[in-house]
Structures are given as structure tokens and as C-alpha cells.
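[1] need a structure here:
(one chain, ligands or ions: 1)
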Amino acid sequence: MPNSSIALAITGASGAIYATRALAALLARGVHVELVVSDYGRRLLRDELGEAAAIEHMLPYLSAKYGPDVSRGSLTVHSNRDLGATIASGSHACRGMAIVPCSMKTLAGVAHGLSRSLVERAADVMLKERRPLVIVPRETPMSLPQLKNMVLCAEAGAIILPAMPAFYQLPTTIDDLADFLAGKILGALGFDHDLYPPWTGKV
Ligand SMILES: Cc1cc2nc3c(=O)[nH]c(=O)nc-3n(C[C@H](O)[C@H](O)[C@H](O)COP(=O)(O)O)c2cc1C
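    Model prediction:
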């Protein structure tokens, strides 16, 4: 798909750092990212990462934290209320989407095809067009309806990639954990990355 983009949605679950790390890594690879953030996603960005990470300051924040390579990519921010945005249509050249982190509410909306917001509609578009949709749910413990909603999304073709960092890479910082999750997300979207070293068979 020439001139294609990746949609990234941030919703109101804990783990905003997974979203900012994945966003920075996509931008550093020269990707055009179409970002949509729910109201509670905006709140969690500020609550967990501070005012500097508010959506209005996102590019300078990413550049300061992850380096100037983020300027290789480009960013469009859509309103979650704009159901007429580009990513609401299958005719738009968006080649994949990740919802990072994905709240149980948005998970339910995607599982049942509700399309109430741009996040839900864009996810529905990915499923109907058979394009990669990566869902990064975060909740613990999980109820039976939440588990069933993950199954429904997986049956519809989504990749369920829970916010579960691994420890065999011997992480020492929160950033190491975020690198691991972001690497998993980029891999699921079909990108090469060096966010964590490949498993060699030995710790
Ligand atoms: C500080 C805070 C942390 C939250 N963490 C989670 C979470 O980890 N997982 C989750 O499913 N919901 C969490 N919620 C609840 C969601 O934000 C809430 O259900 C919201 O309606 C989700 O809307 P959205 O999917 O449109 O962002 C949290 C809310 C707050 C205020």
C-alpha cells in the first residue's frame, strides 16, 4: 500500500508509556502515524507520564525522551469524536492499527463492532478489511466478559498482545519493559526493530 500509514490509538488503561514508546519507535522508522486518543487516554498520558507528555506536546516530548530520530516520521492527530476522519474509512491507505493500551471498555466496543468512537470505528475498519489490528489490553484480574471479548476480537482476526513484559531479557528499568512491549507491537505490525535483543537460547 503506497503512502500508507499506521493508526495508533491510546485509551484509558494503565500503561501510557507503552504507547509513547511504540509511537516513538514507529516515527523513528519514518512511519506516518495517525494518532487518536480517547478522553481517558489523554488523562492517563498526563497522570502516568506528566504534563510534558500531554498530547499537545507529544512530538517535543518524544524527541527529548527518545531522540531526534522521531522527526523521520510524521504525525496526524485525530479527534476521537470525528467519525469522518480518514481512518474511519476502508478506502484510506492505513495498513494497520494498534490500540495501546486498550481499556476493557474499548475492547468490549471493538469485540461487538459498536463503532461509537473513532478508535472503535478504525478498529472495525481494520477487521473488515482484514488488516492487522493489534490490541494491547491491560487489566487484572479479568472478568469472564472481558476474557470473552478478547476471544471475540481474536476470532475476528485481531492480534491480542497483552501488556505483559517479559523478564528473561533482565530488564533493569521501566524503559526496558516499555521497549520490550513496543518491540512486540512493532513486530506484530510487521516492522523490524531493535528494541530488545533476540532470544539466543541463554539468559
Ligand atoms: C487512573 C485510571 C486507571 C485506569 N486503568 C484502567 C486499566 O488499566 N484498564 C481498564 O480497562 N480500565 C482502566 N481505567 C478505566 C477506564 O479509563 C474507563 O473504563 C474508561 O471509560 C475507558 O474509556 P476509553 O476506552 O474510551 O479510554 C482506568 C481509569 C483511571 C482513571
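
[2] Once you drop chain neighbours, what's closest to P145?
    Sequence neighbours aside, A108 is the residue nearest to P145 in space, at 7.3 Å (criterion: C-beta to C-beta, 6 or more residues apart in numbering). Heads up, the C-betas are built off the backbone N, CA and C, glycines and all.

[3] ugh, wrong one, M97
    A7 (3.9 Å).

[4] cool, P197 as well?
    Q169 (6.9 Å).

[5] Tell me the secondary structure at that neighbour.
    In three-state terms, and counting by DSSP: H, G, I helix; E, B strand; the rest coil, Q169 is coil.

[6] how near is it to G187?
    With distances taken as C-beta to C-beta, to the nearest Å, Q169 is found 14 Å from G187.

[7] can you check R46 too?
    To G187, R46 is 29 Å away according to C-beta to C-beta.

[8] what does this structure have sitting close to the ligand?
    Contacts of the chain with the ligand, taken as C-beta under 6 Å from any ligand atom, map to 11-14, 38, 40-41, 47, 103-106, 138-139.

[9] Let's see that with 8 Å instead.
    Remark: the part of the chain in contact with the ligand comprises 11-15, 38-41, 43-44, 47-48, 80, 101-107, 109, 117, 119, 137-140, 146, using C-beta under 8 Å from any ligand atom.

[10] Just the buried residues of the residues you listed.
    Buried members of the residues of the chain next to the ligand, counted by 16 or more other C-beta atoms under 10 Å: 11-13, 15, 38, 40-41, 44, 80, 101-107, 109, 117, 119, 137-139, 146.

[11] Show me the helices in this structure, by range?
    Residue ranges of the helices in the chain, as given by DSSP state H, are 16-28, 39-49, 58-66, 104-111, 118-128, 144-155, 174-188.

[12] can I get the ones you listed in TSV with mean pLDDT?
    Below are these laid out as TSV (pLDDT from 0 to 100):
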stretch	mean pLDDT
helix 16-28	98
helix 39-49	98
helix 58-66	98
helix 104-111	98
helix 118-128	98
helix 144-155	98
helix 174-188	98
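
[13] check contacts around the nearest residue to E139 once chain neighbours are set aside.
    Take E139 and drop its neighbours on the chain: the residue closest to it by C-beta to C-beta, 6+ apart is M104, 5.2 Å away. When contacts are counted by C-beta atoms under 8 Å, 6 or more residues apart in numbering, M104 touches A13, P137, E139, M142, Q146, N149.

[14] Quick check: the two most widely separated of those residues?
    Greatest spatial distance among these (C-beta to C-beta): A13 and N149, at 13.4 Å.

[15] How about whichever residue of the chain sits closest to the ligand: what's its closest non-neighbour residue?
    Residue nearest to the ligand within the chain: G12 (2.7 Å; C-beta to the nearest ligand atom). Spatial nearest neighbour of G12, chain neighbours left out: Y40 (2.3 Å); criterion: C-beta to C-beta, 6+ apart.

[16] Kind regards, and thank you for your time.
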